[in-house]
Every structure is written in structure tokens, then in C-alpha cells.
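Colleague: 3D model of this:
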Amino acid sequence: MTADSASLDRRYQPDARAVGGLLSLDALDRRTRPFKRYETIRGAVLADMGGEENVSEVQKQLVSKFATIALQLEIMEAAAIDGNEIDVDLFGRAAGHLRRIAEALGMQRVARDVTTSTLEEIADEIAAEEAERAAAAE
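Modeller: Numbers count the residues shown, from 1 in each chain. Sure thing, here's the model as predicted:
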């Protein structure tokens, strides 16, 4: 062992709350607003999937990544709304990643009914309202 590597070994003291010397979620202060928001997003997505007990470990990992990207996008979005410049390219790429993770998790866009009412339906609604007004006036 050389002197340089020996000094490196003495300086490197991995945190017990870290995984392989890297920061882990267990090491974070759970009282912070970002952590609470992360947990809210993660919990909501897991609830949409039927609860944490009904998803695989791979799905849990994807949900965590989804929550992390969603949180970053919310931060960027708030900055933009507040009038600050943001990296629009990064924002767009992150949004694309978020969508792909959502698709991988099986979340799909559900189209809502946007058909317009027919004239007959509108006339029926107006007649019903007029009948209610007439009945209330009596």
C-alpha cells in the first residue's frame, strides 16, 4: 500500500446511512418540504397502482424515479412561473422521461368525452330550467 492510498483510506469514512459510500434516502432529513413532496408524489403513484404491496421491486424503483423527476420538474416549473429562466431543453427532456416512466408503469392517458351537445339536448336543458323557474314562481 502506498502512502497516498493509505492516506486516502484514512480519509474515506463511509456514512453508515449510505449505501456503498453513496448517500441514500435513509440519510435524508424527512422533515424537509422537498422530501415530503417526494413522498406525496411517490405515495399517490403507488396508490394509483393499487398500493405498495401490489407492485414489484422494479415498479417501486420506477415509481421512485418518477417521483424524483416529477419533483425536479415542479421546482423548474415554479421557477419559470416566478419569472426565472429555466433550461427549457432540460425541462422538456425530463418531462419526456417522466412520460416514458409512466407508460412503463402502465399508466395511460384516458380520453375524456369532449363531444358537444346537440341542439336538441340544449333545448331540452333550457326547457327543464324554464319549467323549474315556473314551478318555483307559483
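
Colleague: so how many other residues sit close to Ala131?
Modeller: The burial count assigned to Ala131 is 10, neighbours taken as other Cβ atoms under 10 Å. Where you see a C-beta, it was placed from the backbone N, CA and C, and this is true even at glycine.

Colleague: Next one, pLDDT for it please.
Modeller: Model confidence at Ala131, given as pLDDT, is 90.

Colleague: Next: the one 5 residues further on.
Modeller: Model confidence at Ala136, given as pLDDT, is 85.

Colleague: What mean pLDDT does stretch 48-67 get?
Modeller: 91.

Colleague: could you pull out the helices for the chain?
Modeller: Along the chain, the stretches classed as helices by DSSP state H are 3-11, 33-48, 57-81, 88-104, 119-137.

Colleague: the domain parsing of the chain - what is it?
Modeller: Residue ranges for the structural domains of the chain, counted by automatic domain parsing, are given in the record as 1-27, 31-113.

Colleague: For the ones you listed, state which one has the densest average packing.
Modeller: Comparing the domains of the chain by mean neighbour count (mean count of other Cβ atoms under 10 Å), domain 31-113 comes out on top with a mean of 13.

Colleague: shaky segments in this protein?
Modeller: Regions of the chain meeting the criterion pLDDT under 70 cover residues 1-29, 108-117.

Colleague: any idea which residue sits dead centre in it?
Modeller: By Cα atoms, centre = their mean, the mean C-alpha position of the chain lies nearest to Ala70, the distance being 4.0 Å.

Colleague: That one: what's it in contact with?
Modeller: If a contact means Cβ atoms under 8 Å, 6 or more residues apart in numbering, then Ala70 has Ile41, Leu98 as its contacts.

Colleague: roughly how far apart are it and Asp124?
Modeller: From Ala70 over to Asp124 the distance is 43 Å, taken as Cβ to Cβ, to the nearest Å.

Colleague: ok so, going back, want to throw the domains of the chain into a markdown table with distance to Glu132?
Modeller: Formatted as a markdown table, the entries for the domains of the chain read as follows, by distance: least, Cβ to Cβ, whole Å:
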| stretch | distance to Glu132 |
| --- | --- |
| domain 1-27 | 57 |
| domain 31-113 | 25 |
